[in-house]
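Participant: Prediction below, plus the sequence it came from.
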Amino acid sequence: MPELPEVEITCQGIQTAVLGRKIRKILVRQPQLRWPVPDALLQLKNVNISDINRRAKYILLNVQQGTIIIHLGMSGRLCVFDQTTPNQKHDHVDFILDNGTLLRYTDPRRFGAVLWTTEDPLNYHLLSNLGPEPFSECFNSQYLFEWSKRKNVTLKQLIMDQQVVVGVGNIYANEALFAAKLSPLRLSTSLTKKECQQLVIMIQKILQQAILKGGTTLRDFLSPTGKQGYFIQELLVYGREGEDCLCCKEPLQSIRINQRSTVFCNACQK
DNA sequence: ATAATAACCTGAGGGC
DNA sequence: TGCCCTCAGGTTATTA
């Protein structure tokens, strides 16, 4: 499911329900996720959630003793329910709150993770090597230009590399490259500064618009309040292989890059 | 050291 | 209906 916009929507969506509440206890039905859910979480009782943050595609729930780190993987979601709501098949973790509600982690494919650290979460090994946030100042054309020369990969691979910039997954990589009129197959080493500028702008624009539309719901994704994302209506290439390019009417091509489906317009994207 | 591939899972959909 | 195949929003570990 989730690229940066969906994780951001999830973070925003749990804010009112969860911030300042106490976690009474954590119920783990299925500890076997991407990594085992740490036992330390089972010991957490009556802890106050003081802060909710997103870093890349990770959600950070801060409590006094440490930080709960959540990743939604491919099919994960977090939703808020009344605590009497019966659990369903893939509801793996419940954060039972002090006001009769619960925050429920659901993930059919179990590629996501619920982890725990008592250190600075930004130093946690999964977070410590991440690149800049796409909306931060340091993600700029000069920065991307430098990375483009350090690596010998396609543009699609470059912008999906979380060391280069975080938050861009398969859908938004396709969309950003189309918006920037750059071929996903181009080698990063061939990028000009001006093209880097365009790519930075379009990555930011696409992600921003997706957040405004509540993210993209393909199948699993729902906001914590149960709402779908509507950016699917704005997708210009992803999922449109064989259909006409909305810019030039040529049929869109579909190829695989790094085993991920890649859709683009051979005429518009150079 | 860098880049391709395999691996982790479940479920949906298509072809036969 | 059922079996087999492919594909799906991610990322790490392993191999080349």
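Facilitator: Structure received. Numbering: from 1, shown residues only, chains lettered A, B, ... in the order given.
Participant: contacts and neighbour counts: CA atoms only from here.
Facilitator: Noted.
Participant: Going along the chain, name the strands of chain A.
Facilitator: A:22-28, A:47-55, A:58-63, A:66-71, A:77-82, A:91-97, A:101-106, A:113-117, A:253-257, A:260-264 (DSSP state E).
Participant: Which of those sits closest to A:Ser128?
Facilitator: strand A:47-55 (10.5 Å; Cα to Cα).
Participant: Can you tell me which of the strands of chain A is nearest to DNA strand C?
Facilitator: For DNA strand C, the closest of the strands of chain A is strand A:260-264, at 4.1 Å, according to Cα to the nearest atom of the strand.
Participant: Quick one: work out the angle between that closest one and strand A:253-257.
Facilitator: 150 degrees (axes from the mean of the first three to the mean of the last three Cα atoms, to 10 degrees).
Participant: got the buried residues for strand A:260-264?
Facilitator: A:Thr262, A:Val263, A:Phe264 (16 or more other Cα atoms under 10 Å).
Participant: Same check on stretch A:5-21?
Facilitator: In stretch A:5-21, counting by 16+ other Cα under 10 Å, buried: A:5-14, A:17-18, A:21.
Participant: Let's have those residues in TSV, adding pLDDT.
Facilitator: Below are these laid out as TSV (pLDDT from 0 to 100):
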residue	pLDDT
A:Pro5	96
A:Glu6	96
A:Val7	97
A:Glu8	97
A:Ile9	96
A:Thr10	96
A:Cys11	96
A:Gln12	96
A:Gly13	95
A:Ile14	96
A:Ala17	93
A:Val18	95
A:Arg21	97
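Participant: Name the nearest of the residues you listed relative to A:Gly73.
Facilitator: A:Val7 (10.3 Å).
Participant: With distance to A:Phe178 added, can I get the buried residues of strand A:260-264 in a markdown table?
Facilitator: Formatted as a markdown table, the buried residues of strand A:260-264 follow (distance: Cα to Cα, whole Å):
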| residue | distance to A:Phe178 |
| --- | --- |
| A:Thr262 | 11 |
| A:Val263 | 9 |
| A:Phe264 | 6 |
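Participant: Can you add distance to A:Thr117 and pLDDT and give the residues you listed back as TSV?
Facilitator: Shown next, in TSV, are the buried residues of strand A:260-264 (distance: Cα to Cα, whole Å; pLDDT from 0 to 100):
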residue	distance to A:Thr117	pLDDT
A:Thr262	36	97
A:Val263	39	97
A:Phe264	41	97
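Participant: Identify, from those residues, the entry nearest to DNA strand B.
Facilitator: A:Thr262 (14.5 Å).
Participant: residues from chain A in reach of DNA strand C?
Facilitator: For chain A, the residues in contact with DNA strand C (Cα under 7 Å from any atom of the strand) are A:1-3, A:6, A:34, A:56-57, A:73-75, A:111, A:126-127, A:162, A:167-171, A:215-221, A:259-261.
Participant: From those, list the ones also adjacent to DNA strand B.
Facilitator: Okay, of those touching DNA strand B (Cα under 7 Å from any atom of the strand), that's A:Arg34, A:Phe111.
Participant: How about the residues of the stretch 1-150 of chain A by DNA strand B?
Facilitator: Residues of the stretch 1-150 of chain A lying near DNA strand B (Cα under 7 Å from any atom of the strand): A:Gln32, A:Arg34, A:Lys89, A:Pro108, A:Arg109, A:Arg110, A:Phe111, A:Arg150.
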